[in-house]
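> sequence and predicted structure, then a few things I'm wondering about:
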2 protein chains.
Amino acid sequence: MPTSLILYELAGADPELRFSPHCWKTRMALAHKGLEAERRPWRFTEKQEIAFSGHGLVPVLVDDGEVVSDSWRIADHLESRYPDKPSLFGGEAAQPVSRFVNSWADSVLIQAISRVILLDIHGIVHEKDRDYFRSSREQRYGMPLEEVVSDREARLAELGRALAPLRTTLRNQPFIAGDRPLYADYCAFGPLMWARCVSTTALLAADDPVVAWCERLLDAFGGLARSAPSAQAG
Amino acid sequence: MPTSLILYELAGADPELRFSPHCWKTRMALAHKGLEAERRPWRFTEKQEIAFSGHGLVPVLVDDGEVVSDSWRIADHLESRYPDKPSLFGGEAAQPVSRFVNSWADSVLIQAISRVILLDIHGIVHEKDRDYFRSSREQRYGMPLEEVVSDREARLAELGRALAPLRTTLRNQPFIAGDRPLYADYCAFGPLMWARCVSTTALLAADDPVVAWCERLLDAFGGLARSAPSAQAG
């Protein structure tokens, strides 16, 4: 029996531009499991559209009627619900250790990338989301969006330093999970895909091992991420 | 047949004070495997004592005549040499993902702790190591040791922020590796044990989940780390 999967994804003014870092983690996880979902666009201010989930943020996955919010919980759900499909974690201990990578991506990496692309995001969100996006982010940072991303060279240097643990890891192995990508890789790739979707800024030097790793993940699953609508595609 | 294991560990003026973060990773790894080693004290300037290893740094493990340098390589060696003892990684994928934790500990965590304890280390190293330690570290930082650790409150705040990924992880599970500690935990614990060995400074608020996790690791293996000579013990 075919499964019925619906994924609510953050979209820009262009409904095909799906740019959330967390939704990208889920998108890669679904592809890893070989699962197809109906992907519904959602905007920041459409809180009532996902009110059924009990949360105000995407991704939200509806799997044969079962509602799962939060990209980590979704990965956990997919792993236990589809045990015969390729594992997202590669073993019992790898799952909690992968959570550390996810925690690092959600704090350090998203924070550092935000300081470069926040104004670009404002430029691509739906018109009805613009005021919400600006006011919520300006409240979070305590300054105008323009100021958050000022001094781009310094922000890019900070991002370069923030990536040190990933860079060192990738000098020793092709993926965070070793010889092939697993969910730990998608956790760190999501924020970099987010940047690719909204901004034309080159975040890293071309010879950075992180760039080569990104390229490998852009090629994964038949070029799923590379061919997705983005500021850098096509 | 009993194995013959010799571990060269960095020692202070007090030969029983074994304070290297990397040696602590190895110490915990040996205990995890249930292995006893003859632990030989080594000082920074005794390069000729470990010249046989081809490296100038400890830990160096001599396992039945086989020489292994570098704490990560030692963990890898122990895992493959002693497969019937408790696993350090908990599976194939967990080992490369644990390397990310080690890379984070070696860059972010050691860097942030250094800015608090560097002068304390100078105070506990052997007299013959003092000039070497001061000049090599002052060259690395481009400033006097006293300046590296100046503005302690700001340095402690930076360390608190640097620990965000670990703190978030530990809000969801008791150890990095899940329900029980594995090598990923020892990678992050080593730098915190380093601080405990040389400094009486409280690095973290008492209610920080990282503190509770440290306490659990201090208790591991019959209180191996807690009972070790340190600035904070006894």
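Now that the structure is in, tell me what you want to look at.

> please make it C-alpha for all contacts and neighbour counts, starting now.
Fine.

> break chain A down into its structural domains.
A:5-81, A:94-223 (automatic domain parsing).

> distance to chain B, mean pLDDT and mean neighbour count added to these, as CSV?
Shown next, in CSV, are these (distance: least, Cα to the nearest Cα, whole Å; pLDDT from 0 to 100; neighbours: other Cα atoms under 10 Å in any protein chain shown):
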stretch, distance to chain B, mean pLDDT, mean neighbour count
domain A:5-81, 11, 97, 19
domain A:94-223, 4, 97, 19
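
> as a markdown table, the ones you listed with distance to B:G91 would be great.
Shown next, in a markdown table, are those (distance: least, Cα to Cα, whole Å):
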| stretch | distance to B:G91 |
| --- | --- |
| domain A:5-81 | 16 |
| domain A:94-223 | 7 |
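
> got the contact list for stretch A:26-43?
A:4-12, A:15-16, A:18, A:49, A:59, A:71, A:74-75, A:78, A:82, A:85-88, A:126, A:129, A:182-183, A:186, A:221 (Cα atoms under 8 Å, 6 or more residues apart in numbering or on different chains).

> ok, now with 7 Å
Stretch A:26-43 is touched from outside by A:5-11, A:15, A:71, A:75, A:85-86, A:88, A:129, A:183, A:186, A:221, with contacts defined as Cα atoms under 7 Å, 6 or more residues apart in numbering or on different chains.

> for A:Q95, what are its contacts?
By Cα under 7 Å, 6+ apart, the contact set of A:Q95 is A:F89.

> gap between it and A:G190?
Remark: distance between A:Q95 and A:G190 (Cα to Cα, to the nearest Å) = 17 Å.

> what segments of chain A are helices?
A:21-32, A:71-81, A:94-104, A:110-124, A:130-141, A:145-148, A:152-162, A:164-172, A:183-198, A:209-223 (DSSP state H).

> now render these as a markdown table, adding distance to A:Q232.
Output for the helices of chain A, formatted as a markdown table (distance: least, Cα to Cα, whole Å):
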| stretch | distance to A:Q232 |
| --- | --- |
| helix A:21-32 | 16 |
| helix A:71-81 | 24 |
| helix A:94-104 | 25 |
| helix A:110-124 | 13 |
| helix A:130-141 | 22 |
| helix A:145-148 | 22 |
| helix A:152-162 | 18 |
| helix A:164-172 | 22 |
| helix A:183-198 | 6 |
| helix A:209-223 | 12 |
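
> of all those helices, which lies closest to B:G160?
helix A:94-104 (13.9 Å; Cα to Cα).

> tell me the angle that closest one makes with helix A:21-32.
Here helix A:94-104 points in a direction 150 degrees away from that of helix A:21-32 (axes from the mean of the first three to the mean of the last three Cα atoms, to 10 degrees).

> check the offset of helix A:94-104 from the chain's centre.
Distance of helix A:94-104 from the chain centroid (Cα atoms, centre = their mean, to the nearest Å) equals 15 Å.

> then stretch A:22-39?
Going by Cα atoms, centre = their mean, where stretch A:22-39 is centred and where its chain is centred differ by 11 Å.

> and the end-to-end length of stretch A:119-134?
End-to-end distance of stretch A:119-134 (Cα to Cα): 9 Å.

> pull the residues that contact that stretch.
A:12-13, A:43-45, A:145-146, A:149, A:198-199.

> return the subset of the contacts of stretch A:26-43 lying in strands.
By the criterion of DSSP state E, membership of the contacts of stretch A:26-43 in strands covers A:5-10.

> who's in contact with the closest residue to A:L166 other than its chain neighbours?
Closest residue in space to A:L166, ignoring its immediate chain neighbours: B:F100 at 6.6 Å, by Cα to Cα, 6 or more residues apart in numbering or on different chains. By Cα under 7 Å, 6+ apart, the contact set of B:F100 is A:165-166, A:169, A:176.

> what does A:T169 give?
Contacts for A:T169 (Cα under 7 Å, 6+ apart) come out as A:176, B:99-100, B:103.

> how about A:V211?
A:L204.

> phi, psi of A:P144?
When read as degrees, to the nearest 10, the backbone of A:P144 gives phi -60, psi 150.

> pretty sure it contacts A:E138?
Yes. A:P144 lies in contact with A:E138 (Cα atoms under 7 Å); the separation is 5.3 Å.

> ok, A:A112 - contacts?
Per Cα under 7 Å, 6+ apart, neighbours of A:A112: A:158-159.

> roughly how far apart are it and A:S71?
A:A112 is 20 Å from A:S71, by Cα to Cα.

> again with A:L145
Taking Cα to Cα, one finds A:L145 at 26 Å from A:S71.

> what do you get for A:L88?
Distance of A:L88 to A:S71, given as Cα to Cα: 13 Å.

> again, but for A:I6
Remark: distance between A:I6 and A:S71 (Cα to Cα) = 14 Å.

> same question, A:S230
Look at A:S230 and A:S71: by Cα to Cα, they are 21 Å apart.

> out of the ones in strands among the contacts of stretch A:26-43, which is nearest to A:L156?
For those, the nearest to A:L156 is A:L10 (25.3 Å; Cα to Cα).

> residue contacts, that closest one?
A:18-20, A:41-43, A:58.

> next one, pLDDT for A:G91 please.
Per-residue confidence (pLDDT) for A:G91: 89.

> among the domains of chain A, which is nearest B:R161?
Ranking the domains of chain A by their distance to B:R161 (criterion: Cα to Cα) puts domain A:94-223 first, at 9.3 Å.

> gap between the two ends of the closest one?
Span of domain A:94-223 from end to end, Cα to Cα: 26 Å.

> if we can go back for a sec, let me have the contacts of A:L10 in CSV, adding distance to B:W24 as columns.
Output for the contacts of A:L10, formatted as CSV (distance: Cα to Cα, whole Å):
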residue, distance to B:W24
A:R18, 45
A:F19, 42
A:S20, 40
A:P41, 50
A:W42, 49
A:R43, 49
A:V58, 42
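
> so how far is the first residue of stretch A:11-30 from its last?
18 Å.

> for A:V62, which non-adjacent residue is closest in space?
A:I6 (5.0 Å).

> which residues touch that neighbour?
Counting by Cα under 7 Å, 6+ apart, A:I6 has contacts A:37-39, A:61-63.

> for those residues, work out which two are farthest apart.
Top of the distance list for those (Cα to Cα): A:R39 and A:D63, 12.3 Å.
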